[in-house]
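[1] When you get a sec, could you give me coordinates for this:
(2 chains)
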Amino acid sequence: MMDSKPDARTLSYINLYAVLGTLENLCELDEGARALLTNKKPIAIGFSVKGGPSATLTFFTNGRCRMEDGIKECDILLPFSSCEKFNGMIDGTVTPIPSKGFQHIKFLLKSFVPLTDRLSKYLRATPEDLEDEEFFNMSTTLMLYTIAVAIAQIGNQDEIGKFSAHNIPDGDISIGIKDGPGAVIRVEDHHLLALKKPAATYRAVMEFKDMKLARDLFDGNVNALACIGSGDIRMGGMISMVDNVNRILDRVALYLA
Amino acid sequence: MAAKINTYEKSREWFNRATKVIPSGVYGHLGPAEGCFIPVSSFPLMGERAQGSYFWDVDGNRFIDYMCAYGPNVLGYNDPDVDAAAMEQVKIGNCMTSPSYKMVELAELMVDTVNTADWAFFAKNGGDVTTAAIMTARAATHRKKIIFVNGFYHGVAPWTQKVDYPGVIPEDVANNLYVDWNDFEQLEKVVAENEGEIAAFISTPYLHGNFFDNILPADGYWQKVRKLCTEKGIVLIIDDVRAGFRLDLAGSDHFYGFEADMICFCKAIANGWNVSCLCGKDFLKSAISSLSYTGSYWMSAVPFAAGIACINKMKALNLPTLLREKALKVTGALQAAAENNGFDLRVSGEPALFYLRIANDDSLLLHQEWVSEMVKRGIFMTSHHNHFLNASLTDEDIAETAAVADEAFKVVAKNHPELF
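    Residues are numbered from 1 along each chain as shown, chains lettered A, B, ... in the order given. Sure, this is the predicted structure:
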């Protein structure tokens, strides 16, 4: 029988791809983040989680970064003996020890940690910070990307999420904010992939009327069904796809709470 | 002459009031979310009155209604014969400490009418009787597991939902097994893998699920299923809540040439008066008698009186034939309008419950646009669900529907010069 509780393995996939993966977008959109990397030698950090995911995060001289699946070549390798240990690093209770790249420890401490701190500031924003419009928009945009990738990870890894994914036909589902950022959940043979860019074409769409509404939804301050009734959320296309994504979205809150 | 374009100011006002005191304003299938009002601005949100094939919203817009309250309107809203019987019963007695003898009369009528029925058990909603059927099957067999057909809908009780639905826990659905429609070999395999553990196989008479073209039973499918269930001691339950009486007054199992062990009715029994009914074979009578299962209003007499009048009138009209003829006129007119404008409109399912889909794209976006244009012009349809016909629909209504359909197709075509 399935267990409805969140599991550490799925959480590790979310933490790696959805949370750390949002560093890509932070570096792209946030000048302060780019400044932490600019003019520094490119450096790649590998995250290897036993029984869980592995990926490489490469930071470039131009201040951008990119995450790729698996570990090919990296300057720093951070191995974790379990999903719980990796999740511990994300919530700050475990200090990772590199198995490779001790000479780059300065990058970890002086660039990587400040970057992740900056990301946390946006993803776990305080009400005071959100009063600033620019911060509000950046924070909401990054949350959208984090949530989109978390949807894909839960659909692929979580037992109940996989049940929902099993009911989604192939195609692209557009999730976006009107006149703002967007993401795509691409479904192929019930496997979900998140693309952090607006959809050009889609089979199904869920669009929030503005940043504020998206924020209120992400924070659980408004009800999605009521917003459909008010027209604040626009649905279209294969509604069964949107329905099943929404069931997974319900579990995103469970994992990212 | 171009059709009037509806506006919904009062609907919006009422809906906004509703959201303050009712979760999501209008919940369930009559609401904008589950009802797939796409876009919501094209649809009425609150009704005021209904008559025959029409309903009027609070803004005074009139709709030719192809959803029929999602099925209960089978003879026409406010049918004079059914309502007269109901009103007469109101004067005599409705919800009483001793149930009215009208319950017995309706049960006798159900047993006389429904081919597989040796008894009738009454409740209020379709889900009440699908649950009664499952409990009866478990009581009779002392087995846990139930086989469902993928794409099913049997109500909203936790056992009928899926493990990822809000409020449902894995334990609620732990004994649910799933097979694909029309796949007898898969069913045989599931039965073999769970030998001696399956209490029931529950299915609608054909696959009339939402968001996909409806599928009729393959030749011989039901006969093979019937034989397998009999051999393995599995109770065969037909959920005829949606299709019941619209295909065959003796039950949709009779229509497809087999006999269910239990059959569930609701929507069309009493033309909108609230009653549902589970009918079954004699060997299950003791099991259902043993259930602790009842409700405050299940033995109210008014819906029983309405049900007797409704069933007798459906018989007098030869309703299934009447609906089929009307439905073929409607779908023929819609397909002609589609073809004239370059649209590929697919019609599936049984005619009396026709399902529509524009197949020029694979996303339903064009179909939703067309349905929106229809509703704005006073033809109430949905983009995700089968439709329902009622006996009062006239040729003039069908002609009006065809004219609006043509206009709506033209609007959609004009909006998509890249396609048409």
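
[2] Just the C-alpha atoms of the strand or helix carrying residue B:412, please, in PDB.
    Assigned by DSSP states H and E, residue B:412 belongs to helix B:395-415. The C-alpha trace of helix B:395-415 is given here as PDB (Å, rounded to 0.1, in the frame of the first residue of the first chain):
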ATOM      1  CA  ASP B 395     -37.200  20.300 -33.900                       C
ATOM      2  CA  GLU B 396     -37.200  24.200 -33.500                       C
ATOM      3  CA  ASP B 397     -34.700  23.800 -30.700                       C
ATOM      4  CA  ILE B 398     -32.600  21.600 -32.800                       C
ATOM      5  CA  ALA B 399     -32.800  24.100 -35.700                       C
ATOM      6  CA  GLU B 400     -31.800  26.900 -33.400                       C
ATOM      7  CA  THR B 401     -28.900  24.900 -32.100                       C
ATOM      8  CA  ALA B 402     -27.700  24.200 -35.600                       C
ATOM      9  CA  ALA B 403     -27.900  27.900 -36.600                       C
ATOM     10  CA  VAL B 404     -25.900  28.900 -33.500                       C
ATOM     11  CA  ALA B 405     -23.400  26.100 -34.100                       C
ATOM     12  CA  ASP B 406     -22.700  27.400 -37.600                       C
ATOM     13  CA  GLU B 407     -22.200  30.900 -36.200                       C
ATOM     14  CA  ALA B 408     -20.000  29.700 -33.400                       C
ATOM     15  CA  PHE B 409     -17.800  27.600 -35.900                       C
ATOM     16  CA  LYS B 410     -17.500  30.700 -38.100                       C
ATOM     17  CA  VAL B 411     -16.300  32.800 -35.100                       C
ATOM     18  CA  VAL B 412     -13.700  30.200 -34.100                       C
ATOM     19  CA  ALA B 413     -12.500  29.800 -37.700                       C
ATOM     20  CA  LYS B 414     -12.100  33.600 -38.000                       C
ATOM     21  CA  ASN B 415     -10.000  33.600 -34.800                       C
END
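
[3] That one near chain A anywhere?
    No - contact of helix B:395-415 with chain A (CB under 8 Å from any CB of the partner chain) is absent, the minimum separation being 13.6 Å. The way it works is simple: take the backbone N, C-alpha and C, and place the C-beta from them, glycine included.

[4] Need the contact partners of that helix.
    B:2-3, B:53, B:64, B:66, B:326, B:329-330, B:333-334, B:336-338, B:340-343, B:366, B:369-370, B:373-374, B:377-379, B:419-420 (CB atoms under 8 Å, 6 or more residues apart in numbering or on different chains).

[5] now it, how far from the chain's geometric center?
    Helix B:395-415 sits 25 Å away from the centroid of its parent chain (CA atoms, centre = their mean, to the nearest Å).

[6] which stretch of helix or strand covers the closest residue to chain A within the stretch 301-420 of chain B?
    Distances between the stretch 301-420 of chain B and chain A by CB to the nearest CB are smallest at residue B:363, namely 4.2 Å. Residue B:363 belongs to no helix or strand when assigned by DSSP H and E.

[7] before we move on, back to that, buried subset of the contacts of helix B:395-415 as a PyMOL selection?
    In PyMOL, a selection of the buried entries from the contacts of helix B:395-415 looks like this (16 or more other CB atoms under 10 Å in any protein chain shown):
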select buried, chain B and resi 3+53+64+66+326+329+330+333+334+337+338+341+343+366+369+370+373+374+377+378+379
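
[8] Filter the contacts of helix B:395-415 down to the ones in strands?
    B:64, B:379 (DSSP state E).

[9] Tell me the buried residues in stretch B:109-119?
    B:109-110, B:113-117, B:119.

[10] Quick check: end-to-end length of stretch B:17-33?
    Separation of the first and last residues of stretch B:17-33 by CA to CA, to the nearest Å is 17 Å.

[11] before we move on, the earlier item: who are the contact partners of the residue of the stretch 301-420 of chain B closest to chain A?
    Per CB under 8 Å, 6+ apart, neighbours of residue B:363: A:171, A:202-204, A:237-238.

[12] Sweet, I'm off.
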